[in-house]
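Engineer: any chance you could fold what I've pasted below:
(chains A and B)
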Protein chains: 2
Amino acid sequence: MNLDDQLLKFEVPEIIYGLGALSKIGHCAKRLGGEKLLLVTDPGIIASGWIDETLKYLRQEDLNFFIYDNVVTNPRDFQVEMGAKLYLQKGCDVIVAVGGGSPIDTAKGIAILVSNYGSLSEYEGCNKITQPIPPIVCVPTTAGTGADVTQFAVITNTRKRMKMTILSRAITPDISVVDPYLLKTKPADLIAATGMDALTHAFEAYVSSLSWSMTDPHAIHAVELIARHLTSAVRSKDISDLEGMSVACLEAGIAFSNAILGAVHALAHPLGGFYDTHHGVANAVLLPAVVKRNINHSVEKYARLARAMGCDTTGMTPDQAARSVLIMIDLMIDQLGLPKKLSDLGVSREDIPAMAELARADICMLTNPCTYEISEIIDIYQEVW
Amino acid sequence: MNLDDQLLKFEVPEIIYGLGALSKIGHCAKRLGGEKLLLVTDPGIIASGWIDETLKYLRQEDLNFFIYDNVVTNPRDFQVEMGAKLYLQKGCDVIVAVGGGSPIDTAKGIAILVSNYGSLSEYEGCNKITQPIPPIVCVPTTAGTGADVTQFAVITNTRKRMKMTILSRAITPDISVVDPYLLKTKPADLIAATGMDALTHAFEAYVSSLSWSMTDPHAIHAVELIARHLTSAVRSKDISDLEGMSVACLEAGIAFSNAILGAVHALAHPLGGFYDTHHGVANAVLLPAVVKRNINHSVEKYARLARAMGCDTTGMTPDQAARSVLIMIDLMIDQLGLPKKLSDLGVSREDIPAMAELARADICMLTNPCTYEISEIIDIYQEVW
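Structural biologist: Now for the predicted structure:
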């Protein structure tokens, strides 16, 4: 630990966990002072039946609610603005988000706008939020993003075709209600993609320049759980594997909310902004190429990650042990049947220089274990094209 | 994980950590809406100079404050009542506690009384607090109790000569400001005793019937850090060892606040109530005898604890591996020069039956991996007398 010149922080929302935890949602909203809730979700979640279930528990507590479901993957700034208008118009007091990263990030954006006003782009970057925001309760339905426990929100700036990262302690949700049973209705390909998102969170948090003694065990525990449960969760949706992935996602979220991320996320964000690529898939394609370049800057830590993924590194040199993590990642991506090339995702080679400029300026780049020149970022995009 | 019939929770205050973190105390109190603070501490901390330092940072933020230092080890109910009167009389809005477990538990007790009224004994037990309490910021000066991150407060009921355990999510502090530099002024024997308290927290949380996938890594990390840093922190007060113990104490606190404790604490509490025994010393005397009886109910977990303490269990049977933890504990107590017998602490044999009754009724007994008959509790006290 080198703590002489920096203070570190560790913040986690209250977590209610377990099969059937969804039934506590009304009680949680009420405990935070809720009487009129804005319920942020998306059409897929409504179709899955979980919103009907949620409404049952809200009614049991005599809560009023207004549903806002104009949310898509990589949520847009104008969708957040519309949600904020509804919140103000209806006089809501608590925001409940049920869904994956997109409804949760939309909820965070709404909370910012209804109390800090102006446009979301004013809050891009670190700690720009000055006024207290309404309480937020999250019910994550995808084990991956970790948005339910983090101080991050990523919203697409439609005018600039780029993803804005908003990072502020203020937007850490108040309560996360984690019910692994909700993953039962999640499509297998989405379990795979969001699982790789969680793995990337844990990897980047563990080697981040802001990682410390309180964040490291969360990152390692996340990697161990993902190695044990992800592929079989995708294949069988056995409840014990879904439980394992739910905890893995929480652990990875706690790690990266406090230690921040790295180059994989910096390079993945422009793909979302330009092509609407699923964030987990973008991370899976980029992770091996970034790890290959980072590895010499954090040999011991990558060796530890290899062991957490189940690799026996006994008798290996430190360098061999670290490099074995690349084999483990490759094996996992193969088992999950995820794409390995940007060209498979419809990315045009011509956009690479423009995406590289955005990636270099991305806030996540600041905590990568080494810095990248623009030419190196272009090389990475080319290599995985 | 057996989650079918229970929901689990995980709650941690915001933590600000690092050398020099004390300088953030005024900012933290202000962020929680503080204008007039009640500063709870004890005469020892004032003598150490840390309160002068604290006041400097409070003045920098133009905060008003009133100091309450009528606090002793094993804080008394009437001391809490007097503090609550001062808080109300002066119209305070935020409580800042600087000290070990005693000032922090006193601060929690004051927070309960000024908003829930009545007498502290009405809040003994689980979740009896119904009204919101004032914000609490803690600055722990002893790495041990973990009170700065837990939902526990232990206050002596002077009329009944017993310790009351108050357990409620409501009393988890809002912010814990952890500055390892503050341990520099702590006497070596207190580092040893509070270190054994932290070790006991981690042990009991890890084998608790409420332990789960989110609490276990915190318990194991705490034990690893204590095994690495405690004896050398006592000997040399090297800052890296004090940092290690600060994090260990946080980790153990997070583990037991969420997984609760066990029989060691149940048996230690009456010693505090009857003889004012230092809580860490009482735990150190009782830990081996309780582990010996618990061991068959959690063989794998005790073996894992042995490894976390640095024991190589390769080639051992599971039972041998588990039992090796007893050797590791004994070694540590020897190295720390702590007492091993209740008779060394002035405990009278005649009080054992009465203490055993209180221990059996203690809330911490509920999460021990096995239940004890009253005769077994008497046997344990006799064995370590």
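
Engineer: can you list the residues of the stretch 251-385 of chain A near chain B?
Structural biologist: A:E251 (C-beta under 8 Å from any C-beta of the partner chain). All C-beta spots, glycine's among them, are computed from the backbone N, C-alpha and C.

Engineer: number of residues surrounding the residue of the stretch 251-385 of chain A found nearest chain B?
Structural biologist: The minimum distance from the stretch 251-385 of chain A to chain B, using C-beta to the nearest C-beta, falls at A:E251 (7.4 Å). Close neighbours of A:E251, defined as other C-beta atoms under 10 Å in any protein chain shown, add up to 29.

Engineer: again with A:I129
Structural biologist: Using other C-beta under 10 Å as the criterion, the residues surrounding A:I129 number 20.

Engineer: is it in a helix, a strand, or coil?
Structural biologist: On the three-state scheme (DSSP: H, G, I helix; E, B strand; the rest coil), A:I129 is labelled coil.

Engineer: about what we covered before: who does the helix or strand containing the residue of the stretch 251-385 of chain A closest to chain B touch, helix- and strand-wise?
Structural biologist: In the assignment (DSSP states H and E), A:E251 maps to helix A:239-259. The contact analysis (3 or more C-beta pairs under 8 Å, 6 or more residues apart in numbering or on different chains; DSSP states H and E) places helix A:239-259 against strand A:8-10, strand A:14-17, strand A:175-178, helix A:188-207, helix A:216-236.

Engineer: so the residue of the stretch 251-385 of chain A closest to chain B sits against A:E224, correct?
Structural biologist: No: judged on C-beta atoms under 8 Å, A:E251 makes no contact with A:E224 at a distance of 9.0 Å.

Engineer: from the chain's centroid, how far away is stretch A:316-333?
Structural biologist: 24 Å (C-alpha atoms, centre = their mean, to the nearest Å).

Engineer: export it as PDB, just CAs?
Structural biologist: The C-alpha trace of stretch A:316-333 is given here as PDB (Å, rounded to 0.1, in the frame of the first residue of the first chain):
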ATOM      1  CA  MET A 316       5.800 -21.000 -13.200                       C
ATOM      2  CA  THR A 317       8.000 -17.900 -13.400                       C
ATOM      3  CA  PRO A 318       6.100 -14.700 -12.400                       C
ATOM      4  CA  ASP A 319       5.900 -13.700 -16.000                       C
ATOM      5  CA  GLN A 320       4.600 -17.100 -17.100                       C
ATOM      6  CA  ALA A 321       2.000 -17.000 -14.300                       C
ATOM      7  CA  ALA A 322       0.800 -13.600 -15.300                       C
ATOM      8  CA  ARG A 323       0.600 -14.600 -19.000                       C
ATOM      9  CA  SER A 324      -1.400 -17.600 -18.200                       C
ATOM     10  CA  VAL A 325      -4.300 -15.300 -17.400                       C
ATOM     11  CA  LEU A 326      -4.600 -14.600 -21.200                       C
ATOM     12  CA  ILE A 327      -5.200 -18.300 -21.800                       C
ATOM     13  CA  MET A 328      -7.800 -18.400 -19.100                       C
ATOM     14  CA  ILE A 329      -9.700 -15.400 -20.600                       C
ATOM     15  CA  ASP A 330      -9.500 -16.900 -24.100                       C
ATOM     16  CA  LEU A 331     -10.800 -20.200 -22.800                       C
ATOM     17  CA  MET A 332     -13.800 -18.500 -21.100                       C
ATOM     18  CA  ILE A 333     -14.700 -16.500 -24.200                       C
END
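
Engineer: mean confidence score for it?
Structural biologist: Taken as a whole, stretch A:316-333 has a mean pLDDT of 97.

Engineer: hmm, who's touching it?
Structural biologist: Residues outside stretch A:316-333 that contact it (C-beta atoms under 8 Å, 6 or more residues apart in numbering or on different chains): A:196, A:199, A:227, A:230-231, A:284, A:287-288, A:291-292, A:295, A:298-300, A:302-303, A:305-307, A:309-311, A:313, A:340.

Engineer: buried among those? Make that a PyMOL selection.
Structural biologist: To isolate the buried members of the contacts of stretch A:316-333 in PyMOL, using 16 or more other C-beta atoms under 10 Å in any protein chain shown:
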select buried, chain A and resi 196+199+227+230+231+284+287+288+291+295+298+302+303+305+306+307+309+311+313
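
Engineer: mind listing which of the contacts of stretch A:316-333 are in helices?
Structural biologist: Using DSSP state H, A:196, A:199, A:227, A:230-231, A:284, A:287-288, A:291-292, A:299-300, A:302-303, A:305-307 are the members of the contacts of stretch A:316-333 that sit in helices.

Engineer: now the helices and strands packed on helix A:239-259 in TSV, please, with extra columns for distance to A:G244 and mean pLDDT.
Structural biologist: Output for the helices and strands packed on helix A:239-259, formatted as TSV (distance: least, C-beta to C-beta, whole Å; pLDDT from 0 to 100):
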stretch	distance to A:G244	mean pLDDT
strand A:8-10	24	89
strand A:14-17	12	96
strand A:175-178	12	96
helix A:188-207	10	96
helix A:216-236	3	97
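
Engineer: these: which one's closest to B:C370?
Structural biologist: strand A:14-17 (25.2 Å; C-beta to C-beta).

Engineer: alpha carbons of the closest one, as CSV, please.
Structural biologist: C-alpha atoms of strand A:14-17 as CSV (Å, rounded to 0.1, in the frame of the first residue of the first chain):
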residue,chain,number,x,y,z
GLU,A,14,-27.1,-1.3,1.7
ILE,A,15,-27.6,-4.7,0.1
ILE,A,16,-30.7,-6.9,0.7
TYR,A,17,-29.9,-10.3,-0.8
